[in-house]
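Colleague: Mind looking at a prediction? Sequence and model below.
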Amino acid sequence: MNRKTGFRFLIRIMERWKNTARSFGEVSNFRDTSIEEMESALAKYKGGEVMLSKEYWNEGIAVIYLNHPEKKNAMSGKMIVDLRKCVAELESFKDGKAVILTSKGDNFCSGGDLDFVRASGTPQGGFFMSTIMHNTLKRFRNLPLTSVSLVHGPTLGGGAELSVYSDFLLAADNVKLGFVHGKMGIMTPWGGTTRLRQLLGERKALELLLGSKVYSAEECLQFGLVSKVVNTTNRLDEALDYVRQLTIHHPSIVRAYKTVTSHYDEEQFEKSLVLERELFHPMWGSELNTAALNKNIKHLEQKK
Ligand SMILES: CC[C@H](C(=O)O)C(=O)SCCNC(=O)CCNC(=O)[C@H](O)C(C)(C)COP(=O)(O)OP(=O)(O)OC[C@H]1O[C@@H](n2cnc3c(N)ncnc32)[C@H](O)[C@@H]1OP(=O)(O)O
């Protein structure tokens, strides 16, 4: 390679690196970044909200709503940070007995907000997102509250991962639930693999993840993923009735049982999440992921 060719090659490499160094401000030692800095990096990606309702607080029941209707409740960076704040508040809900995780609008969650996904698509961005989401969902799981996810309509990718971090999963009869990440050229970024392995065992977890099939309510029930199918229109009332049957005892009893069950295999769970993040984050913004993402975005644009 002569000097001129070599120089052009170097320019091409630099251009490619510059294009991938997105607004996260790429640094080589990103693993040393504090949680607070990761949170503020994610919070820059606006859109939607995650809010905590205290409508049933006097019964010891909290409700968390995802709300991003213009994007089918896709999770933006800001919503990821909102969710974290809701979990932090519930860690102080001392008389609490239960929490329902659900959504406003006509579906639960269509996964990561694809605009946020594209803008944050580098291994560093993936490491930040996974670190924050793993920590948040682990803390959500460890809340001494009976937790129920109530899903309806499209519940895809990251939305499916969110849904399985509760103790119980209730699906409306119009649900379409799928771990479609493989089609995006990635594995689960939010801890879904670890949680499915723990909940369903190796074989069923692999079937959901490797097949990336989108399941109906009945199929989710048959598969053992969902505890109950509810009527889409009355879903929240049915979920409240379900929760009330699991919170008949004094808060101290409910919280004690949940503390034991959620901490039973904590060490192994933590190790598995670290491995999942190590394997996922280099995939974020990879050529495979970028090609799949662009195809997905083009498909959505063509529907307009
Ligand atoms: C981090 C986790 C991981 C990742 O992101 O890499 C994943 O979550 S992988 C899975 C990513 N999600 C998807 O692939 C779902 C994409 N969306 C759809 O397939 C459809 O929108 C569907 C099935 C959710 C709903 O279809 P429907 O025909 O009912 O509605 P539209 O498609 O017209 O959507 C309405 C409106 O919402 C916008 N939209 C939907 N999903 C997303 C999303 N994930 N991110 C951003 N925006 C989304 C869609 O573009 C439409 O916008 P509009 O401006 O009204 O045309």
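Modeller: Yep, it's here.

Colleague: can you give me how far the helix or strand containing Tyr242 is from the chain middle?
Modeller: Following DSSP states H and E, one finds Tyr242 within helix 235-245. Distance of helix 235-245 from the chain centroid (Cα atoms, centre = their mean, to the nearest Å) equals 23 Å.

Colleague: Then stretch 102-109?
Modeller: Mean C-alpha position of stretch 102-109 versus that of the full chain (Cα atoms, centre = their mean) differs by 14 Å.

Colleague: Can you point out the buried residues in that stretch?
Modeller: 102-103, 105, 107-109 (16 or more other Cβ atoms under 10 Å). (Each C-beta comes from the backbone N, C-alpha and C, glycine too.)

Colleague: now Met129: how far from Ala43?
Modeller: From Met129 over to Ala43 the distance is 12 Å, taken as Cβ to Cβ, to the nearest Å.

Colleague: Tell me which of those two has more neighbours.
Modeller: Met129 (30 against 16; other Cβ atoms under 10 Å).

Colleague: Return the subset of the buried residues of stretch 102-109 lying in strands.
Modeller: Under the assignment DSSP state E, the buried residues of stretch 102-109 contribute 102-103 to strands.

Colleague: Just give me the closest of the buried residues of stretch 102-109 to Ser262.
Modeller: Thr102 (20.2 Å; Cβ to Cβ).

Colleague: close enough to count as contact, the closest one and Leu240?
Modeller: No: assessed by Cβ atoms under 8 Å, Thr102 is found out of contact with Leu240, at 10.6 Å.

Colleague: check contacts around the closest residue to the ligand within the stretch 1-150 of the chain.
Modeller: Proximity of the stretch 1-150 of the chain to the ligand (Cβ to the nearest ligand atom) peaks at Gly111, 2.2 Å away. Taking Cβ atoms under 8 Å, 6 or more residues apart in numbering as the criterion, Gly111 is in contact with 74-75, 156-160, 180.

Colleague: mind checking the SS state of Gly121?
Modeller: What DSSP: H, G, I helix; E, B strand; the rest coil gives for Gly121 is coil.

Colleague: That one - how many residues pack around it?
Modeller: 21.

Colleague: Without its sequence neighbours, what residue ends up closest to it?
Modeller: Nearest residue to Gly121, sequence neighbours excluded (Cβ to Cβ, 6 or more residues apart in numbering): Gly285, at 3.3 Å.

Colleague: same question, Ile80
Modeller: Excluding the flanking residues, the one nearest Ile80 by Cβ to Cβ, 6+ apart is Leu42, at 5.4 Å.

Colleague: Report pLDDT for the one you found.
Modeller: pLDDT, Leu42: 97.

Colleague: So which residues on the stretch 151-300 of the chain come close to the ligand?
Modeller: Applying Cβ under 6 Å from any ligand atom, we find that the stretch 151-300 of the chain lies next to the ligand at 154, 156-158, 180-181, 184, 186, 189, 296, 300.

Colleague: Most neighbours among these, which one?
Modeller: Tallying neighbours with other Cβ under 10 Å puts Gly157 at the head of these, with 30 neighbours.

Colleague: Can you report phi and psi for the nearest residue to that residue once chain neighbours are set aside?
Modeller: Among residues not flanking Gly157 along the chain, Gly111 sits closest, at 3.1 Å (Cβ to Cβ, 6+ apart). The phi/psi pair for Gly111 (degrees, to the nearest 10) reads phi 100, psi -150.

Colleague: now do Gly153
Modeller: Phi and psi for Gly153, reported as degrees, to the nearest 10, are phi 60, psi -160.

Colleague: Count the residues that sit near it.
Modeller: There are 21 residues near Gly153, going by other Cβ under 10 Å.

Colleague: In contact with it, which residues?
Modeller: By Cβ under 8 Å, 6+ apart, Gly153 lies in contact with 72, 106-108, 172, 174-176.

Colleague: shared neighbours, Met129 and Ala43?
Modeller: Here Met129 and Ala43 have Gly77 as joint contacts, going by Cβ under 8 Å, 6+ apart.

Colleague: Please name every helix or strand in contact with the helix or strand containing Phe128.
Modeller: Secondary structure assigned from DSSP H and E places Phe128 in helix 123-141. Judged by 3 or more Cβ pairs under 8 Å, 6 or more residues apart in numbering; DSSP states H and E, helix 123-141 is in contact with helix 35-43, helix 77-90, helix 266-280.

Colleague: Which of the ones you listed has the highest mean neighbour count?
Modeller: Scoring the helices and strands packed on helix 123-141 by mean neighbour count under mean count of other Cβ atoms under 10 Å gives helix 77-90 as the most buried, with a mean of 20.

Colleague: what angle do it and helix 123-141 make?
Modeller: Interaxial angle of helix 77-90 relative to helix 123-141 (axes from the mean of the first three to the mean of the last three Cα atoms, to 10 degrees): 30 degrees.
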